[in-house]
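Visitor: A predicted structure for the sequence below; I have some questions about it.
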Amino acid sequence: MDLETAQKSFARWIEAGTRAGLALLAAGFAAYVSGLLPPHVPLAELAGSWHLPLAQFTAATGAPTGWQWLQLAGRGDYFNFVGIVLLASIIIAAYLRVLSLVARKDRAFAVIAAFEIIVLLAAASGLLNSFGGGIS
């Protein structure tokens, strides 16, 4: 497979993932504001907590940190994270697709794509926070 075909495939995957992610964001917002999905933190209580530092906010609202939000993905105020994760991770799926298409023909491009996937997965996992980063 030539590089141009791989690039077009990459672009198609990005486009499809972006459309799906935006659709999930819109659906999540609609479900939240309509009350179809009840929130974890009631809207009336949320505004009173915005001024708090992160540690106090999470203690006051029971808000999860890291990937713990997955336990609340069915709640109106956390369902939108599903669309955000899709938007953020579609690039990984697109790189995997390109890697599968060009691995035999263009080793340099395949190595770059593999490193991109590794870096993105490490960042998404929170592994990089253990090196002195993270939100305080």
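Guide: Cool, got the structure.

Visitor: roughly how far does G17 sit from G83?
Guide: Between G17 and G83 the computed distance is 11 Å (C-beta to C-beta, to the nearest Å). (Each C-beta comes from the backbone N, C-alpha and C, glycine too.)

Visitor: and if you look at G28?
Guide: 6 Å.

Visitor: the two: which has the busier surroundings?
Guide: G28 (22 against 19; other C-beta atoms under 10 Å).

Visitor: and the helix or strand harbouring that one, which residues are buried?
Guide: If you go by DSSP states H and E, G28 is part of helix 3-34. Judged by neighbour count using 16 or more other C-beta atoms under 10 Å, the buried positions of helix 3-34 are 6, 9-10, 13, 17, 21, 24-25, 27-28, 31-32.

Visitor: and if you look at stretch 37-45?
Guide: With burial defined by 16+ other C-beta under 10 Å, the residues of stretch 37-45 counted as buried are 37, 39-41.

Visitor: what about the residue nearest to A30 when sequence neighbours are not counted, which SS state?
Guide: Take A30 and drop its neighbours on the chain: the residue closest to it by C-beta to C-beta, 6 or more residues apart in numbering is L36, 7.5 Å away. Put simply, L36 is coil when judged by DSSP: H, G, I helix; E, B strand; the rest coil.

Visitor: great, nothing more from me.
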